[in-house]
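Chemist: sequence and computational prediction follow.
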Amino acid sequence: MVYKFHQHKFDNMNRYYDVIRGAMNELGHSEVVEHATADINFYNHIQSFGDHNIIVKPTAPTAKHFALDLHGYANTSEIAYDEPAEFEYVDMDWNIITDLIEKKSNKWDDSILLKWRKPKIKIPEDHILVIAQMPDDETVHGFGFGDHIVKLKMIVKKLQGENVVIKLHPRYKNPVLVKYWEDAGHTVIDGYISIHDVLPKTRVAIVENSTAGIECLMHQVPVISYGWPEYHWVTAKAQTLPHIESLIKNLKWHDKELSNKFVYWYINHYLCTDINSTVKRLSQLI
């Protein structure tokens, strides 16, 4: 078969495309010139059902990790719809996860522009962590529906009186909202603070579709999801706003062993990082 790369949606994907190119060539496939028709087309950051399109999406836990999928990415990927039962049978070497945590790995960890820093404020022990995303992130505005910030504010209001920490997306700026939450007694973390400095003190995390949920699972933190992230199979799925309130009061729903198996499988068996892991994944898709 012949294949072609498309610079859609972003044009800074060459580092991942180079790995895929090496894997496709190893599998005996050939790349075609720009304007030719291909049997397999690689796109990034789109949703596209069909055997002829493969979606490429960089994701946590490091800048080297990326997903390949026929459906889409994040909450539109195949494993968000159909439970990947094989994760329950994975053999684990948890030292691999521990090493990622100790290095404070993240999906931007090779950027020379980002300056991660230690929190200047004291992170309260045994807190409820509410994780915010960029409101224009397609996983919450396009794939997910409704206003992410509105939902976030409703959740925080419902948790009034609880020990709440709100971690904003590093790029999100809303000083009025931050002051409102701080005046209400909540701890707000903004800017480029590593979530690895927060999670050791987290009792339970609440997310919509953030890849930060992967890092929560790495730290063995119970996760409540109100979207449908790829990892929702090992979260408590909040059906309603009052449901969140009841879920934080009793964490018996959390299956630590199953959560560990999922995040280990996801990082080490589902995602790609090099030619060998990409060959393995492409062999499942083509």
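Modeler: Okay, I see it. None of the values given here were measured: they were computed from a predicted structure.
Chemist: mean confidence for stretch 109-124?
Modeler: Taken as a whole, stretch 109-124 has a mean pLDDT of 80.
Chemist: quick check: end-to-end length of that stretch?
Modeler: 26 Å (C-alpha to C-alpha, to the nearest Å).
Chemist: for that stretch, buried residues please.
Modeler: For stretch 109-124, burial by neighbour count (16 or more other C-beta atoms under 10 Å) applies to Asp109, Trp116, Ile123. Every residue, glycine included, has its C-beta placed from N, CA and C.
Chemist: now stretch 172-192
Modeler: For stretch 172-192, by 16+ other C-beta under 10 Å, it's Tyr172, Leu177, Val178, Trp181, His186, Thr187, Val188, Ile189, Asp190.
Chemist: which parts of the stretch 151-286 of the chain are strands?
Modeler: 164-167, 187-189, 202-207, 223-225, 236-237 (DSSP state E, counting those that start in this stretch).
Chemist: can you list the ones you listed in CSV and add mean pLDDT?
Modeler: Listed next are the strands of the stretch 151-286 of the chain as CSV, based on pLDDT from 0 to 100:
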stretch, mean pLDDT
strand 164-167, 98
strand 187-189, 98
strand 202-207, 98
strand 223-225, 98
strand 236-237, 98
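Chemist: which stretch among the ones you listed approaches Tyr270 most closely?
Modeler: strand 223-225 (17.5 Å; C-beta to C-beta).
Chemist: ok, and what's touching the closest one?
Modeler: Applying C-beta atoms under 8 Å, 6 or more residues apart in numbering, the contact partners of strand 223-225 are 204-209, 213, 216-217, 231-232, 234-238, 244, 247-248, 259.
Chemist: any stretches of the stretch 151-286 of the chain with poor pLDDT?
Modeler: Scanning the stretch 151-286 of the chain for pLDDT under 70 picks out no residues.
Chemist: show me where it has its helices.
Modeler: 175-183, 212-218, 241-249, 256-265, 275-285 (DSSP state H, counting those that start in this stretch).
Chemist: redo those helices as a markdown table? Include distance to Ile96.
Modeler: Shown next, in a markdown table, are the helices of the stretch 151-286 of the chain (distance: least, C-beta to C-beta, whole Å):
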| stretch | distance to Ile96 |
| --- | --- |
| helix 175-183 | 36 |
| helix 212-218 | 10 |
| helix 241-249 | 29 |
| helix 256-265 | 7 |
| helix 275-285 | 13 |
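Chemist: which one, of those, ends up nearest to Asn95?
Modeler: Nearest to Asn95, of those and by C-beta to C-beta, is helix 256-265 at 10.8 Å.
Chemist: chain center to the closest one: distance?
Modeler: 15 Å (C-alpha atoms, centre = their mean, to the nearest Å).
Chemist: packing partners of it?
Modeler: helix 95-102, helix 212-218 (3 or more C-beta pairs under 8 Å, 6 or more residues apart in numbering; DSSP states H and E).
Chemist: just checking: what are the partner strands of the helix or strand just after the first one?
Modeler: Toward the C-terminal end, the helix or strand that comes next after helix 95-102 (DSSP states H and E) is strand 127-131. With DSSP bridges as the criterion, the sheet partners recorded for strand 127-131 are strand 164-167 (parallel), strand 202-207 (parallel).
Chemist: so which of these gets nearest Leu152?
Modeler: Nearest of the strands paired with strand 127-131 (C-beta to C-beta): strand 164-167, 7.9 Å.
Chemist: in this protein, where's the longest helix?
Modeler: Ranked by residue count and defined by DSSP state H, the top helix of the chain is helix 14-26.
Chemist: what comes into contact with that one?
Modeler: Taking C-beta under 8 Å, 6+ apart as the rule, helix 14-26 contacts 3, 5, 31, 40, 42, 44, 56, 58, 66, 68, 272-275, 278-279, 282.
Chemist: flag every buried residue along that helix.
Modeler: So for helix 14-26, counting by 16+ other C-beta under 10 Å, buried means Tyr16, Tyr17, Val19, Ile20, Arg21, Ala23, Met24.
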